[in-house]
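Peer 1: coordinates for the following, if possible.
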Amino acid sequence: MEKRKLFTGILVFGSLWGFSEIIIGSMLRDARLPAGAILTGVFAFGLMLMSRILFKTRGMQMGMGLVAGALRLFMPFSDCTICSGIAIMAEGVIFEVLWHTLSRGFEENESLINKSSLGIVMSYGVYVTGYMITQILTPVVASAGFHLKDLLPFIPQILSSGLLAAALGGVMSPLAFSLKSVDVTRVKNRLYYPAAIGISALCWWVVIAKTY
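Peer 2: Below you'll find the predicted structure:
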């Protein structure tokens with residue numbers, strides 16, 4: 001994989017992820033829908049899995065998390081911007097760890113059930129872990145300090161709220177794997193770079209325009 005093409009992919013997928021967290025997330029919250037689970041199950045997990053399948057490169061999802069987290073930090077829409085941005089970045093790391101652990105030998109049996117099961121487990125793990133990181137960082141950022149006894153009562157709620165993210169991940173996984181036959185390296189540069197830069201710029205412009 002050409003490094004320049006890979007970094008451009010990180011930029012465009014990370015920008016789409018950050019856009020979804022800020023713009024679509026705001027719309028979901030206004031509609032009183034479970035924004036966190038939907039954003040993780042559909043957008044965060046879906047985009048990370050698609051990029052993994054298309055680019056087949058380790059570390060890309062961590063890079064996407066950095067881009068999405070930076071966009072979230074750069075454009076504050078709600079309280080605890082810092083911990084939300086860090087939680088997004090952490091989701092990229094969590095995905096990398098789970099993929100490395102769970103995808104071993106997966107190519108030997110890529111049935112629909114296995115694809116959905118992988119999506120369920122990974123999306124749930126990404127959501128629950130990211131949620132807990134946010135709960136830990138919020139009091140730290142607020143200078144109140146983190147105490148484990150304050151988190152423990154919320155753990156059942158966190159674990160149960162991840163079920164929606166898991167279900168959505170189970171749907172997104174087979175859809176993402178349908179892109180396996182796409183060879184990104186064969187996309188002509190004169191089409192790839194303008195499209196990728198244009199999409200990334202549009203995501204950032206919409207977010208900036210909504211903020212200011």
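Peer 1: check the most centrally placed residue in the chain and give its pLDDT.
Peer 2: Ranked by distance to the mean C-alpha position of the chain (CA atoms, centre = their mean), the top residue is A44 at 2.3 Å. pLDDT recorded at A44 is 96.
Peer 1: and what of L33?
Peer 2: Looking at L33, its pLDDT stands at 94.
Peer 1: that one: neighbouring residues, count only.
Peer 2: Residues lying near L33 (other CB atoms under 10 Å) number 13. In this view, the C-beta of every residue, glycine as well, is placed from N, C-alpha and C.
Peer 1: helices or strands up against the helix of greatest length in the chain?
Peer 2: As assigned by DSSP state H, the longest helix anywhere in the chain is helix 112-141. Under the contact definition 3 or more CB pairs under 8 Å, 6 or more residues apart in numbering; DSSP states H and E, helix 112-141 sits against helix 35-38, helix 45-55, helix 81-102, helix 148-151, helix 155-177.
Peer 1: ok now it, how far from the chain's centre?
Peer 2: Relative to its chain's centre, helix 112-141 lies at 10 Å (CA atoms, centre = their mean, to the nearest Å).
Peer 1: same deal with stretch 154-165?
Peer 2: Taking CA atoms, centre = their mean, the mean C-alpha location of stretch 154-165 is offset from the chain mean by 17 Å.
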